[in-house]
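Colleague: Provided below are the primary sequence and the corresponding predicted coordinates.
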Amino acid sequence: MHKNDPHRSPDPTDERGKTALAVGVVEKIAGMAAREVAGIHALGSGLARTFGAMRDRVPGGRSSVGRGIKAEVGEKQTAIDIALVVEYGVVIPVLAAEVRQNIITAVERMTGLEVVEVNIAVNDVHLPDEPDVDEDEEPSRGQRPRVQ
């Protein structure tokens, strides 16, 4: 087919410039997609959430939306690692599959990148009677400190 043929299919190599996506863009999209899944209590490990809470207090600090997520971004593909805290009672393999699918769908639709893998690490289970306390706060009297 001739280059100027109106019936030819669009060729991505004919673009007139490049679009570069920052890693943070993919991380935020993945974070929002993961949070949409019922059964997720928080993203990130305890340490990541502690540092994230401190960062949130600093003007101009990084948004917490991408907390607990690491992405590698190439020209056409991306790979994503995500750390989760899940609610007690969820079926973790089912939840992980739903999170993985939600992330792949959102990232591919919004960025045009192919998601080659989404690795999920479940770092904790949030129990119904556990208080929702910032990790950087000191435990109150009578409460046992966390063992590290």
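Modeller: Nice, I can see it.

Colleague: could you pull out the strands for the chain?
Modeller: Along the chain, counting by DSSP state E, strands occupy 40-43, 69-73, 77-87, 114-126.

Colleague: partner strands of the last one, with direction?
Modeller: Read that as strand 114-126. Next to strand 114-126 in the sheet, as set by DSSP bridges, lie strand 77-87 (parallel).

Colleague: can I get the strand it pairs with in PDB? Just the C-alpha atoms.
Modeller: The C-alpha coordinates for strand 77-87 follow below in PDB (Å, rounded to 0.1, in the frame of the first residue of the first chain):
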ATOM      1  CA  GLN A  77       5.500  -2.000  28.000                       C
ATOM      2  CA  THR A  78       5.300  -1.700  31.700                       C
ATOM      3  CA  ALA A  79       5.700  -4.000  34.700                       C
ATOM      4  CA  ILE A  80       4.100  -3.200  38.100                       C
ATOM      5  CA  ASP A  81       4.800  -4.400  41.600                       C
ATOM      6  CA  ILE A  82       2.100  -3.600  44.300                       C
ATOM      7  CA  ALA A  83       2.000  -4.200  48.100                       C
ATOM      8  CA  LEU A  84      -1.400  -4.600  49.700                       C
ATOM      9  CA  VAL A  85      -3.000  -4.800  53.100                       C
ATOM     10  CA  VAL A  86      -6.200  -6.800  52.800                       C
ATOM     11  CA  GLU A  87      -9.300  -6.900  54.900                       C
END
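
Colleague: residue numbering should commence at 50 henceforth.
Modeller: Got it, first residue is 50 now, which makes that one strand 126-136.

Colleague: re the thing from before, out of the strands of the chain, which gets nearest to E76?
Modeller: strand 118-122 (4.5 Å; CB to CB). Quick note: C-beta positions are derived from backbone N, CA and C, even for glycine.

Colleague: what comes into contact with the closest one?
Modeller: 70-72, 75-76, 79-80, 83, 92, 127-132, 162 (CB atoms under 8 Å, 6 or more residues apart in numbering).
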